[in-house]
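Trainee: have a look at this prediction, sequence included:
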Amino acid sequence: MPVPYLSDQEIYQLLSPTAARQALAEVLLAGFDPETDPARVSIPTGTGELLLMPSTNKDWTGVKILTLAPENSERGLPRIQALYHLCDTETLSPRLILEGESITNLRTPAVSALAADKLASVDASNLLVLGSGPQAIGHVHAMAAIRELSDIALYSLTPASAQQAAHTLREQGFEVRVLDREEVDDATRQADIICCTTSAEDPVIPDAVADGACVVAMGSHSPQRRELPSSLVHRSLVIVEDVATAWREAGDIVLAHHDQPLPDGHLHTLAQLVRGEVHRADDRPNIIKTTGMSWEDLAVAVAVAKAANLT
């Protein structure tokens, strides 16, 4: 029997940002421990990288298969391509194949929004987004689903890309300001929520974040890259998906610790936040640093399958 396939367009039609966020929350509230999630597997290919992101629970097992080919942009092809393979855990029979990049594009902002909904003030209305790719656009949608935004500002090192992202968002009904470089510092001070969605190696915002503000940093799973200055990490409440994963993959954490050791207990987990064991701070910034984990992809893939009545 042929295994059904869902395209990216079908996936986006089936699952909203809110539904993706709720699917992740349900997994954590049901008691799942992200520490048990397998680490991603990275295989160099010579022309790029093959990534495997497997996960399993009592009902479902799946793996996201990604390829990263840096030179594909010169070929007119996507740099990242992916498929998601979903099985039922009892028989391990294939149940559904899903276009994989759309799973990433849904789950990453959903993780950010799940944390930001707990970390941002209830009246947060000013959003600053660093970056101009699919994650920048996805994070605007995700933050708009949790807060009533009155000001959305966007900055990218590539002005043409920033204008294109702003154009896309305006067509989707958002009012967006594109910032010049000299405006970023002031925007950082004024923002209630800041989303860093870049692949930067060095900090993209200054340590000028207001106390009580929420900062999302999701741009990389490399311990050599970071979007936040060390001083900001040291003075903030910091949430990560999983402590061991953060020490292995989160450059914002690893490099801040290298500059000056972080005290024991400085890192709290998303599960603790969602379960009400940790609460936002008013007297310092609140950071959610993510690298992406396999259980999140599985949760979103299952939610899509259920929405499509394919479970």
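Mentor: Everything's here; your move.
Trainee: could you find the residue nearest the spatial middle of this structure?
Mentor: Centroid-nearest residue in the chain: T108, 3.0 Å away (criterion: Cα atoms, centre = their mean).
Trainee: just checking, that one touches Q135?
Mentor: Yes. T108 is within contact range of Q135, at 5.9 Å (criterion: Cβ atoms under 8 Å). Bear in mind the C-beta positions are built from the backbone N, C-alpha and C, glycine included.
Trainee: can you list residues touching both of the two?
Mentor: Listed contacts common to T108 and Q135 are M218; contacts here mean Cβ atoms under 8 Å, 6 or more residues apart in numbering.
Trainee: just the helices in the stretch 151-300 of the chain please.
Mentor: Listed in chain order, the helices of the stretch 151-300 of the chain (DSSP state H, counting those that start in this stretch) span residues 159-171, 184-190, 230-235, 243-249, 251-259, 270-274, 294-307.
Trainee: and those helices, which is most packed in?
Mentor: helix 294-307 (a mean of 25; mean count of other Cβ atoms under 10 Å).
Trainee: can you list contacts of that one?
Mentor: 6, 11, 14-15, 19-20, 23-24, 26-27, 32, 34, 37-38, 40, 53-57, 59-64, 84, 86, 95-96, 98, 103-104, 106-108, 110-111, 241, 311.
Trainee: what do you get for stretch 78-90?
Mentor: 56-70, 72-73, 93-101, 103-104, 297-298, 301-302, 305.
Trainee: tell me the buried residues within those residues.
Mentor: 56-57, 60-64, 66-69, 72, 95-101, 103-104, 297-298, 301-302, 305 (16 or more other Cβ atoms under 10 Å).
Trainee: from the residues you listed, which ones fall inside strands?
Mentor: In this view, these that belong to strands under DSSP state E are 56, 60-64, 66-68, 95-99.
Trainee: coming back round to it: what angle sits between whichever helix or strand the residue nearest to the centre of the chain is part of and strand 60-68?
Mentor: Here T108 sits within helix 100-119, counting by DSSP states H and E. Angle, helix 100-119 to strand 60-68, by axes from the mean of the first three to the mean of the last three Cα atoms, to 10 degrees: 110 degrees.
Trainee: following element in sequence after helix 100-119, please.
Mentor: strand 126-130.
Trainee: average pLDDT for that following strand?
Mentor: The pLDDT scores in strand 126-130 average 99.
Trainee: what's the first helix or strand after it?
Mentor: Strand 126-130 is succeeded, C-terminally, by helix 134-144 (DSSP H and E).
Trainee: what packs against that following helix?
Mentor: helix 17-29, helix 100-119, strand 126-130, helix 159-171, strand 193-196 (3 or more Cβ pairs under 8 Å, 6 or more residues apart in numbering; DSSP states H and E).
Trainee: if you set the cut-off to 6 Å instead, what comes out?
Mentor: Helix 134-144 sits against helix 100-119, helix 159-171, with contacts defined as 3 or more Cβ pairs under 6 Å, 6 or more residues apart in numbering; DSSP states H and E.
Trainee: can you check which of these gets nearest to A246?
Mentor: A246 sits nearest to helix 100-119 of all these, at 13.2 Å, using Cβ to Cβ.
Trainee: tell me the angle of that closest one relative to helix 17-29?
Mentor: Using the same axes, to 10 degrees, the direction of helix 100-119 lies 70 degrees away from that of helix 17-29.
Trainee: about what we covered before: what's the angle between the helix holding T108 and strand 94-99?
Mentor: Using the same axes, to 10 degrees, helix 100-119 lies at 80 degrees relative to strand 94-99.
Trainee: quick one: contacts of helix 100-119?
Mentor: 8, 11, 20-21, 24-25, 64, 82-84, 134-135, 138-139, 142, 146, 193, 214, 216, 218, 239, 270, 273, 280, 286, 288, 290, 296-297, 300-301 (Cβ atoms under 6 Å, 6 or more residues apart in numbering).
Trainee: helix or strand right after the helix or strand of the chain with the lowest mean pLDDT?
Mentor: In the chain, the helix or strand scored least confidently by mean pLDDT, DSSP states H and E is helix 72-75, which has a mean of 90. Following helix 72-75 in sequence order, the next helix or strand is strand 80-88 (DSSP H and E).
Trainee: what residues of that following strand count as buried?
Mentor: Under the neighbour-count rule (16+ other Cβ under 10 Å), strand 80-88 has I80, A82, L83, Y84, H85, L86, C87 buried.
Trainee: and the helices and strands packed on helix 134-144 as TSV, adding mean pLDDT and distance to A246?
Mentor: Below are the helices and strands packed on helix 134-144 laid out as TSV (pLDDT from 0 to 100; distance: least, Cβ to Cβ, whole Å):
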stretch	mean pLDDT	distance to A246
helix 100-119	97	13
helix 159-171	97	28
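Trainee: redo these as TSV? Include distance to H257.
Mentor: What follows is the helices and strands packed on helix 134-144, written out as TSV (distance: least, Cβ to Cβ, whole Å):
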stretch	distance to H257
helix 100-119	21
helix 159-171	32
